[in-house]
Structures are given as C-alpha cells and as structure tokens.
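> Here is the input, now give the coordinates:
(2 chains)
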Amino acid sequence: MLRFVVRRLLQMAGVMIVLSFLIFAWLRSLPGGPVSAILGERATPATRAALEKAFGLDRPIWEQYLLFLDRIAHGNFGASIRVQAGTDALEIFLDRLPGTIELTIFALTIAISIGIPLGYLAARRRATILDNVSIIGSLVGVAVPVFFLAFLLKYVFAVQLGWLPVSGRQTPTIDATHITNFFILDGLITGEYDAAWDAFLHLILPGLALASIPFAIIFRITRASVLEVLDEDYVRTAEAKGLTSRVIRGRHVLRNAMLPVTTVIGLQVGSLLAGAVLTERVFSFRGVGDALAVASTERDYAVLQMLIIAAAAVYVIVNLLVDIAYAIIDPRVRTR
Amino acid sequence: MNLMSSKKERIDSLAASVAEVEVAEAGTVKDTGGESLIAGAWRRLRRNPIFLIGLTLTALFVLLAIISPWLAPWDPAAQPLIDKVERQSNPVPGPEPGHPLGGDNRGRDLLSRVLIGSQQTLVVGVVATLIGLSGGLVLGTVAGAFGGWADALVMRVVDVMLSIPGLLLAFSLAALAARPSQWTVIIAIAIVQIPIFARLLRGSMLAQRHSDHVLAARALGVRPSLIVMRHMLPNSMGPVIVQSTLVVATSIIDAAALSFLGLGNPDDRRPEWGQMLGASQQYLNEHPHLAFWPAGCIIVVALGFTLMGESLREALDPKTRR
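Numbering: from 1, shown residues only, chains lettered A, B, ... in the order given. Sure, this is the predicted structure:
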C-alpha cells in the first residue's frame, strides 16, 4: 500500500513539473506578455520597465522559470485589474472558494442521489420503458450546453414563475453574519436560519444545472456496472445457494457495482470545475467559476493565471486521492 | 465495465475493447460466415432505432448546411429590420410578415441567420475534430508503433494535458488569442481533443503489436512503416471513428461555451449557432427566442452525433454482443 502511494506521489510530482512548464509557457505567450498580464494594457512604459526588471525579464529564460516557481510558491500572482480591481488574485480565490465548494457539493449530491438509484433500476429492468427513457434522458443531458440549461432554469423558475432567486449567493438585503464564507454553514452556526435557508434557495437552480453533467455520467456508469455484475458467477452462485434476493442485491450486486461508480464520482471534479465557470456566470453566483469567467472575458490575466493553476492543482490532487481511495476499497488495484 | 480508475484508463479500455473484437472475429470466422467487423457492425446497426435516429439527425444537419443558402430568404449579414431597432425602444424586432422568427438585436433576419448558421457550425464541429484527430493520429502512431522512449515521452505530455479539465484547457488556450477569430476557437477546442485521440490510437496500436497479422507481415519481411500504415492503422480505426463522432458534438457545444464567455469569434457576419447563443445572453430575460433557436439547433445536432456515436460504440463492443 505504501509503495503504491509513493509511486502515485512520484507520478504526480512529474505531472506537476511538466504542468508548471506548460503554464509558464502559457503565461509568456499571453497577448502582451507577463507584464501586461499583471499591469494591464494601459501601463506606462516606465512602470513596465520597472516591473520587467523586478520580475527579472531581462535574465535568461531558465532563471525566469525559477522566478516564476518562486512567485507561485509564495502565492504572489499579482493584483486583479477587472474582477475586483486592486485585490490580490490569491485573496479573490480564497474569498470565492467556499461558494464554489457549496455549489459543487450540492450539485454532486443531487447527481448521486438520482443517478445511482436510477442507474440501478434501469439495469434491473433492462430494455423496459424506464430503461430506454432514462438512457435517452441522460444522452439529452449531455447534448444540452450546461449554460443553456442554466439559462432555461433561470428563465422558467426565476424570471417567469418567480419561485426561486434570479442570481447571487444570498439576498443582499438579508442580515447575515459571515464567519467561514460558507453561507449555509454560517447561518447554522450563528442561528440565523433564515439566512441559511436563503443561501440554500440560491443554490438550487445553479446546482441543478451543474448536476446535469455528473448525473448523466453517474447514471450510465451505474447502469453498465450493475449489468455487468448481474452477469457474474458469484451472483449466480448466491442465487443457487438460495440467498434471499434482498441479500444478493445489497451485498453482492450493489457493493461490487459501486466500485467503478466511486471512481467516476471522484473524477467529476474536473467537469464540475469547468461547468461551474458557466453556471456561476449565468447566475452571477460569486464563486471561483464566476471569477474565472469574468477574468477570461475581461482578460484579467493575474486572476486567470491564479485560477488555472489552482484548478489544475485541485484536479491533480483529487485524482491522486481518488486513486488512493480506490486502492483502499479494491486491493487488486495496488498490484498494477 | 472494467475497473476504470481514471480518464486515461477509460480511453484505453475503449481502445482495448475494439482490439478484442478483432481477436474474437479472427477466431470465429466460420461462425459468422466470414463476415467482417464492419459488415457485422452494420448489420446490427441497421436495425438499431437509436442509431437510425442519430444518423437521420446528422444527415439532415449536413443537408441543411449544404442547401441553406437557397433556403435563407435574407443575407445573414443584411439588416432589413434596422429601422425598427433604431426607432423602437424595444431592441429586438418580433415576428412579422417576411420575417417569421423576427430579427436580432442588429435588425438582421433571425430565420436566415439560424439557417446559414448551420454552415459555420458544421465547419467548427468537423474541422476541430479533424485537427484533433490528425494531431492524435501522429502522436498516437509514433508512441504506439515505436514504443520505448518515444512512447514514454509522448505519453507523459499526453497525460499532463489530460490532467487539466478539458473545457478549462480550451478556455485558457482561447485566452491566448490576441485577436479571437473562428480559427482561434477551432484550434482551442481541437487541441483539447489531441491527447484523447493520441491515447486511443496508442492503445489499439500496442494491442496489435503482437497480434498474428502483424507478426505475419513482419515474418514476410514487410517494411515496418508499411506494417504501421497498411496493417495497424486501418485496424485501429474502429474506436477512432466512434470517438470522432462524439467529438463533433462536444466541439459544437464547447464552441458555444467559448462564445458565451466572450472568447468566441467577434465577427458575426457569418453566424454560427454557438456564437448566436453566446451573443443572446444579454437579451435573455426579455427575448428568450434569440437563445432558443440556436440552442435548440445545437441540442438536436449534438444529440444526433451522440446517439450515432454511442450506438456505434455499442455495436463495436464485444461485450454487448454476447
């Protein structure tokens, strides 16, 4: 087990090194170069020259790369020019992270609690109407652009029907104390239950839109996996032994079928990050995704750089954790 | 379902599944009456309603792209309704005789733009897929056919590219463009697909390196380059075709996402559905039809390609044939 973890850690280190080269190259090829990326396009030649010297842009390329690593290690990504002018990019990221975590957890919960039972039922009743309808439903889910689904939900349930809030993380007029910046948690800690409820209502529509991608994938993996397990010898053996179908379903089918599903759930983090950029933008939900969307539209490169590095790091680390979790659940993986 | 622990292994399992078919087909020549993989797949697909729906939607889309210049009543860049836009407080003209869908925010005929939009949408989907495919073809062939250090080098780069969420990679690539255009959009979307195709091809190449037909060719003294081109590549095409079909749908959707974020092509004289959808966002609450028409078209077309790709995948997968 330890050897497995060490090997995976080494692999991750390799990926991170190559990734840092790529991001460095990316940063250097941004329109206007790294100085414009930090100062913006309207910088005076004097400040440009000063910053170029400060960043060591007159030095050889490998030294610049080391300086770049040094700046990342110190969390120095420069100040935002558009998203929140003057604020440090790292600060913006930390300030907005809780919102995105809340939204992602909510979306993933919806996707799991609908995707797994539906996938299981569809597999048990293969080729029935339920099966076919849910398959086609999941394929339609893939074909609808996430941000359009978000538009649609917002238009119907917020603009036309007025059931749910149109945008934001919380009604601005509500009196709420923020301790952790997880608005629901804050409301629960301080006993301001109306503020927590209000924050929850703001999560529903973006959460549903965001859930559409992981839902389709979780549903299809569950269905395929249950179908495969139902075919296994040990299920037939269990039936032949005369075990009750409840025991067979719970202990033999479901538990084994869940192995690939757990992995896939972990891997949804990547698509959720990308999806959050789009859904948060539609609902002006103040999260990391919204910051990234604004940063790329307005070309706020300091923020964009910070968020891309953070996203890649989160994704790589989650991948590692998933692999380790998987090795704990399924010992066969360790020997590969 | 194999034990799939990451994106790259999912891709490998698709490559391997088709390699298995080839082995299985070789062993059961008599049983199927000498039917080839393609013929067998086609026989099953012909009766699959999901495939037929997908094929029909796709064919209609291509047909629309070809004949739309004759169908569209107006030039997509002309502004026949510009007076209304300027005179009224309402910036988006509604339907009226001669303009069944009304106009857009610049007084252009919406119906014509939706119809002509099929052309650029088809171009974006197909060209992005072709670029991704060619890039992946080169990298995957080099890695899979030569093995050794070439394989190790190519695959490290591919794995790193796969370690960034696809759409985020496309966003960051598109942000590099000083002046966004249709081409920067296509290239940003296409690059994201290269590692996927590369891994796919490498997988099925590796699976074939020790298979009988390659050994036989080698024993006959066929040149290695010829073995790769004539024997290994054609046999790897199954999963590549499946993937390409799905990628056309993804590319069209991703292009819409880039436009939505303002990273799309700013020149809208020749419309594209994703671009129209992205541009409609500021009018959504008052004029949702501006978004509904291009979005509906994207959904139908993406569904067509997805249905076709998924049923192709199933037809080529040996496990679903038992």
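> Let me know whether residue A:126 touches residue A:228 as I believe.
No: the pair residue A:126 / residue A:228 is not scored as a contact, 11.9 Å apart, by CB atoms under 8 Å. Placement of C-beta: from N, CA and C, glycine included.
> For residue 62, give me the pLDDT.
Answering for chain A, as no chain was given. According to the model's per-residue confidence, residue A:62 sits at a pLDDT of 80.
> My question was about chain B, not that one.
As predicted, residue B:62 sits at a pLDDT of 91.
> One more: the one 10 residues further on?
Looking at residue B:72, its pLDDT is 76.
> Quickly find the element holding the residue lying closest to it once chain neighbours are set aside.
Excluding its sequence neighbours, the residue lying closest to residue B:72 (CB to CB, 6 or more residues apart in numbering or on different chains) is residue B:112, at 3.9 Å. Using DSSP states H and E, the secondary-structure element containing residue B:112 is helix B:110-146.
> and the next helix or strand after that helix, what other elements does it pack with?
Using DSSP H and E, the helix or strand that directly follows helix B:110-146 along the chain is helix B:148-162. On a contact count with 3 or more CB pairs under 8 Å, 6 or more residues apart in numbering or on different chains; DSSP states H and E, helix B:148-162 meets helix A:2-29, helix B:7-27, helix B:110-146, helix B:182-209.
> give me that answer again for 10 Å
Taking 3 or more CB pairs under 10 Å, 6 or more residues apart in numbering or on different chains; DSSP states H and E as the contact definition, the neighbouring helices and strands of helix B:148-162 are helix A:2-29, helix A:301-329, helix B:7-27, helix B:110-146, helix B:182-209.
> Show me how far the fourth one is from its chain's centre.
The reference is to helix B:110-146. Distance of helix B:110-146 from the chain centroid (CA atoms, centre = their mean, to the nearest Å) equals 6 Å.
> quick check: angle from that helix to helix B:148-162?
Computed with axes from the mean of the first three to the mean of the last three CA atoms, to 10 degrees, the direction of helix B:110-146 lies at 150 degrees from that of helix B:148-162.
> Which positions in helix B:110-146 come out as buried?
Buried residues in helix B:110-146, defined by neighbour count with 16 or more other CB atoms under 10 Å in any protein chain shown: B:110-122, B:124-133, B:135-137, B:139-145.
> who's in contact with residue B:91?
For residue B:91, the residues meeting the contact criterion (CB atoms under 10 Å, 6 or more residues apart in numbering or on different chains) are B:84-85, B:103-107, B:282-283, B:286-287.
> now, the most widely separated pair of those?
Greatest spacing in the contacts of residue B:91, by CB to CB: B:84 and B:282 (18.4 Å).
> the more surrounded of the two?
For the pair residue B:84 and residue B:282, the greater number of neighbours falls to residue B:84 (18 against 11), based on other CB atoms under 10 Å in any protein chain shown.
> tell me the average confidence for the helix holding residue B:112?
When pLDDT is averaged along helix B:110-146, the result is 88.
> Counting by contacts, list what that helix packs against.
Under the contact criterion of 3+ CB pairs under 10 Å, 6+ apart, the helices and strands touching helix B:110-146 comprise helix B:49-71, helix B:148-162, helix B:182-209, helix B:224-226, helix B:233-235, helix B:237-260, helix B:273-279, helix B:289-316.
> one more time with 6 Å, if that's ok
Here helix B:110-146 touches helix B:49-71, helix B:148-162, helix B:182-209, helix B:237-260, going by 3 or more CB pairs under 6 Å, 6 or more residues apart in numbering or on different chains; DSSP states H and E.
> residues from chain B in reach of chain A?
Selection of chain B residues close to chain A by CB under 6 Å from any CB of the partner chain yields B:1, B:4-5, B:160, B:163-165, B:167-168, B:171-172, B:175-176, B:178, B:253, B:256-257, B:260-263, B:284-285, B:288, B:295, B:299, B:302-303, B:306.
> circling back to that earlier point, nearest to residue A:86 among the helices and strands packed on helix B:148-162 would be which one?
With CB to CB, the closest approach to residue A:86 among the helices and strands packed on helix B:148-162 belongs to helix A:301-329: 10.9 Å.
> Contact partners for residue A:91?
Contacts here follow CB atoms under 6 Å, 6 or more residues apart in numbering or on different chains; on that basis residue A:91 touches nothing.
> again, but for residue B:117
For residue B:117, the contact set (CB under 6 Å, 6+ apart) comprises B:271-273.
> And residue B:304, by the same measure?
By CB under 6 Å, 6+ apart, the residues touching residue B:304 are B:54, B:57-58.
> Identify the residue nearest it in space, chain neighbours excluded?
In space, residue B:304 comes closest to residue B:57 once its chain neighbours are excluded; the distance is 2.8 Å by CB to CB, 6+ apart.
> Tell me how many other residues surround the one you found.
The number of residues packed around residue B:57, counting by other CB under 10 Å, is 19.
> Can you tell me how far it is from residue B:299?
Look at residue B:57 and residue B:299: by CB to CB, to the nearest Å, they are 10 Å apart.
> Then residue A:315?
According to CB to CB, residue A:315 stands 28 Å off from residue B:299.
> Return the residues in contact with the residue nearest the centre of chain B.
With distances taken as CA atoms, centre = their mean, the residue of chain B nearest its centroid is residue B:248 (1.5 Å). Residue B:248 makes contact with B:125, B:129, B:305 under the criterion CB under 6 Å, 6+ apart.
> Residue A:126 and residue A:228: which has the busier surroundings?
For the pair residue A:126 and residue A:228, the greater number of neighbours falls to residue A:228 (16 against 13), based on other CB under 10 Å.
> Local confidence estimate at the more buried one?
82.
> What of residue B:321?
Here the pLDDT value assigned to residue B:321 is 48.
> and if you look at residue B:93?
Reading off the confidence values, residue B:93 has pLDDT 72.
> so which helix or strand takes in it?
Residue B:93 is part of no helix or strand when elements are defined by DSSP H and E.
> Nearest residue to residue A:266 in space, please, no chain neighbours.
Once flanking residues are discounted, residue A:266 sits nearest to residue A:322: 3.4 Å by CB to CB, 6+ apart.
> Number of residues surrounding the one you found?
For residue A:322, the tally of surrounding residues (other CB under 10 Å) stands at 19.
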